[in-house]
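**Student:** structure here, sequence nowhere to be found:
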């Protein structure tokens, strides 16, 4: 996964660097910053629903590159769309803290209502919360494990990290 992120970053950097054109009265830094802001806005807009479809991904890469895509690039994007869009959504979401979630609140929910899986709903893991609700927290065992994981910090909110930690 880290290799994929590295290759994706190198690929996007290569496209960005190779697409600079020499325009008068602009510095490369200002142009790169403007392009980065535009790309960030496109990623944020495209990932508002949590997914990026093939058309949106092509428009983002086209904006980064500054020109049309070759056939090989289109094929590569289509084949790796899910991985790339997942990484782009993660990058877009990683700039924000996960909705102001508190580790103390998660610990208290797990301690008092862990058998109902309320802490899983709070952390954004809806389907696991439903399973815990139906199994009474795995007869208490799953709740105990989650309680320890929340205390140690290994169970984080689904979309990021805690805003407030213990």
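**Tutor:** Sure thing, it's come through. As the structure is a computational prediction, the values presented were derived from the model and not from experiment. Numbers count the residues shown, from 1 in each chain.
**Student:** show the subsequent helix or strand relative to the helix ranked longest in the chain.
**Tutor:** Of all the segments of type helix in the chain, defined by DSSP state H, the longest one is helix 28-46. On the C-terminal side of helix 28-46, the closest following helix or strand by DSSP states H and E is helix 54-65.
**Student:** pLDDT below threshold where in this protein?
**Tutor:** When the per-residue scores of the chain are filtered using pLDDT under 70, the ranges that remain are 1-29, 46-51, 85, 88-99.
**Student:** can you list the domain ranges for the protein.
**Tutor:** Following automatic domain parsing, one finds the domains of the chain at 2-94, 103-152.
**Student:** put together a markdown table for the ones you listed, with mean neighbour count and distance to residue 165 on each row.
**Tutor:** Where C-beta positions appear, they are placed from N, C-alpha and C, glycine not excepted. Rendered in a markdown table, the data for these read as follows (neighbours: other C-beta atoms under 10 Å; distance: least, C-beta to C-beta, whole Å):
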| stretch | mean neighbour count | distance to residue 165 |
| --- | --- | --- |
| domain 2-94 | 14 | 17 |
| domain 103-152 | 18 | 5 |
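**Student:** which residue is the nearest non-sequential neighbour of residue 109?
**Tutor:** When the adjacent residues along the chain are set aside, residue 109 lies closest to residue 119, with 4.1 Å between them (C-beta to C-beta, 6 or more residues apart in numbering).
**Student:** can you tell me the SS state at that neighbour?
**Tutor:** helix (DSSP: H, G, I helix; E, B strand; the rest coil).
**Student:** distance check, the residue nearest to residue 38 when sequence neighbours are not counted against residue 151.
**Tutor:** Nearest in space to residue 38, with sequence neighbours left out and distances taken as C-beta to C-beta, 6+ apart, is residue 63 at 6.2 Å. With distances taken as C-beta to C-beta, to the nearest Å, residue 63 is found 44 Å from residue 151.
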